[in-house]
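Chemist: Starting from these lines, generate the structure:
(chains A and B)
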Amino acid sequence: MLKNKNHFANDSITVTELNKCVGQIIENNIGDLWVHGEISKLTLHSSGHWYFTLKDDKAAVACAMFQRDNIKVTFKLKDGQKVFVFARPSLYEISGRYQLIVLKMEEAGKGDLQKKFELLKNKLNSEGLFDSIHKKNLPYLPKKIGVITSPTGAAIKDIINVVLRRYPNMNILLAPAIVQGEHAAKSIVNAIKYMNTRLDLDVLIVGRGGGSQEDLWAFNEEEVVREIFLSKIPIISAVGHEIDFTISDFVADVRAPTPSAAAELAVPEKSYVINKLKSLDNLMNKVMMIHYNEKKISLNELAYHPIFHEPKHIVLLLKERISTAHNKIVNNLNKEKALIKEKLNEAKFKQSQALERKIRITQQQVDDYDRRIKAIVEKSFVNNNNRLSIAKNQLRTLSPKSVINRGYSISTDETGGVITSVKNVKKGQGIITILKDGKISSVIKEKNK
Amino acid sequence: MPEKESFEKSLEKLEDLVEKMESGELNLEEMIKSFEEGSKLVERCSEKLNQVEQKIEKLIKNKDGFSEEPFIIDE
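Modeler: Numbering: from 1, shown residues only, chains lettered A, B, ... in the order given. Here you go, the predicted model:
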């Protein structure tokens, strides 16, 4: 640094010293700063360094970006591109031209997009669209995978290759979509809508291969994000590379860093599943075999039990069983008996009550009859008494005694039988004749008719 | 076992069954029952693994909506 101005030729300095001085002034007084402009005269040198001119419509400045810095640039640089650069103004001492040493570079317009991105992301986040409660589980083994992407891009190739490598007999249905430019959002939305009308898809992969933030922008459009949210079929987002995040990634059920990774998430490795199934099958067979063998052993132990060799044991066992059975039967019978007895008593009681009632009624009836009969008899007895005395008198007049009193007699044989005909007696037979005051015994001399 | 049951569900059931069989808590009858059911699940899962033919298709828009045609990756 020149501290004092020199005014004489003797004090002159070299060009190198001058440029060094100017360079230091520029570096110390301006420092690192952001500049924006358009790229032109771009040279990607074989050394890895980039050289270009940054210009606007009135001015231009030479720029250099060294390899250690330019490897961090994720977009492809081309002439005419508008960029932001964070640079250190300096002097290129060899030519004496000042230049910018570029340390960082961003695409112009990206700032606007980034702002839009953050705004929409925050809005949808506050609406709860990214909440884990809305995330659907991916099927373990889909029957058919739907893919929404460009039919000509790298993504579909990667997806098909990975899926078929993992699971050779898988079904894939591609819904061709525009994934870049102004029609992309509508095209993706329509594809998601249509896929959801089908019933054969178990999972959807929505995405595309890598590109600039503008290229991927469709996946940050609100209508796309909302359609992904509405999908009934689980969606894996697969946009760009690992480092690219889109709002679709936040709303999707699962975010895959790349389309290939999405394919890996969508299908299991068939050999892995087969092995898992086989090992389960083997384990089951083994467990069954062990269990079976154990049972066999205990069965054998049982077979060698003395019970099966000494008949006495069997007899004892049988006896015991019989006596148990007998006791059981007797108990049961007793119980039954008691029950029947009880029932019988109950019936008896009921019956006796009925019987008593009946007896009472009958007794009443009998008493009643008795009374009536007595009344009738009494009545008729009085009558009959009168008639009796009359009859007695009549009888008295008619009796043989009164007849005898009037001078008649009765003859009987020796046994007392009344003789009413000559036929009843024989000659020589003794007869008795009853008179008013005694009897006469006589012998029949003769019988005349 | 319903026909609609997913592969995942069948596999889960199988895992549970085998775990139970391993636990040693089952008696012979239950073991045999589990074994039979497990064997059926293994069979069903294997069927499901192989039941689909490989098919790569692309949607084509037409008058009536969409139809499918085989999709071939051009390298």
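
Chemist: Show me the strands in the chain, by range?
Modeler: No chain in the question, so chain A it is. Taking DSSP state E, the strands of chain A run over residues A:33-44, A:50-55, A:60-65, A:82-92, A:97-107, A:144-149, A:171-176, A:203-208, A:235-239, A:254-256, A:410-413, A:430-435, A:438-443.

Chemist: look at chain B instead
Modeler: Under DSSP E, chain B gives strands at B:55-62, B:65-70.

Chemist: who's in contact with the longest one?
Modeler: Under the criterion Cβ atoms under 8 Å, 6 or more residues apart in numbering or on different chains, residues A:151, A:160, A:164, A:171-176, A:194, B:66-72 lie in contact with strand B:55-62. Every C-beta, even on glycine, is put in place using the N, C-alpha and C of the backbone.

Chemist: related to what we said a few turns ago, deepest in the core, which of the strands of chain B is it.
Modeler: Most buried of the strands of chain B, by mean neighbour count (mean count of other Cβ atoms under 10 Å in any protein chain shown): strand B:55-62, with a mean of 15.

Chemist: who does that one pair up with?
Modeler: Strand B:55-62 has its sheet partners listed here by DSSP bridges as strand A:171-176 (parallel), strand B:65-70 (antiparallel).

Chemist: neighbours around the residue in chain B that chain A sits nearest to, how many?
Modeler: At 3.6 Å from chain A, B:Glu8 is the closest residue in chain B, using Cβ to the nearest Cβ. Other residues within reach of B:Glu8, judged by other Cβ atoms under 10 Å in any protein chain shown, total 15.

Chemist: where's the closest residue to it other than its chain neighbours relative to A:Ser409, distance?
Modeler: Excluding its sequence neighbours, the residue lying closest to B:Glu8 (Cβ to Cβ, 6 or more residues apart in numbering or on different chains) is A:Tyr140, at 3.6 Å. Relative to A:Ser409, A:Tyr140 is positioned 147 Å away (Cβ to Cβ, to the nearest Å).

Chemist: These two - which one has more neighbours?
Modeler: Between A:Tyr140 and A:Ser409, counting by other Cβ under 10 Å, A:Tyr140 is the more crowded of the two (16 against 13).

Chemist: and the residue of the stretch 51-200 of chain A found nearest chain B, what does it touch?
Modeler: Evaluated by Cβ to the nearest Cβ, the stretch 51-200 of chain A has A:Tyr140 as its residue closest to chain B, separated by 3.6 Å. A:Tyr140 makes contact with A:Pro268, B:Ser6, B:Phe7, B:Glu8, B:Leu11, according to Cβ under 8 Å, 6+ apart.

Chemist: Let me have the residues you listed in CSV, extended by distance to A:Ala155 and pLDDT.
Modeler: Below are the contacts of A:Tyr140 laid out as CSV (distance: Cβ to Cβ, whole Å; pLDDT from 0 to 100):
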residue, distance to A:Ala155, pLDDT
A:Pro268, 21, 93
B:Ser6, 28, 82
B:Phe7, 27, 85
B:Glu8, 27, 85
B:Leu11, 30, 87
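
Chemist: So what's the residue count around A:Asp57?
Modeler: Using other Cβ under 10 Å, A:Asp57 has 6 neighbouring residues.

Chemist: need the strands paired with strand B:55-62 in a markdown table with distance to A:Phe219, can you?
Modeler: Below are those laid out as a markdown table (distance: least, Cβ to Cβ, whole Å):
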| stretch | distance to A:Phe219 |
| --- | --- |
| strand A:171-176 | 15 |
| strand B:65-70 | 23 |
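
Chemist: A:Glu346 is nearest to which of those strands?
Modeler: strand A:171-176 (79.5 Å; Cβ to Cβ).

Chemist: one step back: and the residue of the stretch 51-200 of chain A closest to chain B, how far from A:Val330?
Modeler: Using Cβ to Cβ, we find A:Tyr140 at a distance of 65 Å from A:Val330.

Chemist: now do A:Lys115
Modeler: For A:Lys115, the distance to A:Val330 equals 99 Å [Cβ to Cβ].

Chemist: which residues does A:Ile410 form a beta bridge with?
Modeler: Beta-bridge partners of A:Ile410, counted by DSSP bridges, are A:Ile434.

Chemist: what sits against it?
Modeler: A:Pro400, A:Ile404, A:Val418, A:Thr433, A:Ile434.

Chemist: Was I right to think the last one contacts A:Ile404?
Modeler: Yes. A:Ile434 is in contact with A:Ile404 according to Cβ atoms under 8 Å; the separation is 6.8 Å.

Chemist: So for the two, which sits in the more crowded spot?
Modeler: Counting neighbours by other Cβ under 10 Å for A:Ile434 and for A:Ile404 shows that A:Ile434 has the greater number, 18 against 15.

Chemist: hey, least reliable of the strands of chain B by pLDDT?
Modeler: Of all the strands of chain B, mean pLDDT reaches its minimum on strand B:65-70 (a mean of 86).

Chemist: Identify the residues contacting that strand?
Modeler: Contact with strand B:65-70 is made by A:Leu173, A:Tyr194, B:Lys55, B:Ile56, B:Glu57, B:Lys58, B:Leu59, B:Ile60, as judged by Cβ under 8 Å, 6+ apart.

Chemist: ok now do the second one, which residues does it touch?
Modeler: For A:Tyr194, the contact set (Cβ under 8 Å, 6+ apart) comprises A:Ala175, B:Leu59, B:Phe66.

Chemist: let's go with 10 Å and repeat that
Modeler: Neighbouring residues of A:Tyr194 by Cβ atoms under 10 Å, 6 or more residues apart in numbering or on different chains: A:Gly146, A:Ile148, A:Ala175, B:Leu59, B:Lys61, B:Gly65, B:Phe66.

Chemist: pLDDT wise, what is the most far-flung residue of chain B relative to its centre at?
Modeler: When distances are taken from the C-alpha mean of chain B, B:Lys63 lies farthest, 36.5 Å away, according to Cα atoms, centre = their mean. Looking at B:Lys63, its pLDDT is 80.

Chemist: Next, the buried residues of the longest helix anywhere in chain B.
Modeler: The longest helix of chain B (DSSP state H) is helix B:28-50. For helix B:28-50, a neighbour-count test (16 or more other Cβ atoms under 10 Å in any protein chain shown) marks B:Met31, B:Ser34, B:Phe35, B:Gly38, B:Ser39, B:Leu41, B:Val42, B:Arg44, B:Cys45, B:Lys48, B:Leu49 as buried.

Chemist: With respect to A:Asn293, which of the residues you listed is nearest?
Modeler: Nearest to A:Asn293 among the buried residues of helix B:28-50: B:Met31, at 12.0 Å, using Cβ to Cβ.

Chemist: Would you mind confirming that that closest one makes contact with A:Asn293?
Modeler: No. If you go by Cβ atoms under 10 Å, B:Met31 and A:Asn293 don't touch, sitting 12.0 Å apart.

Chemist: No more questions from me, cheers.
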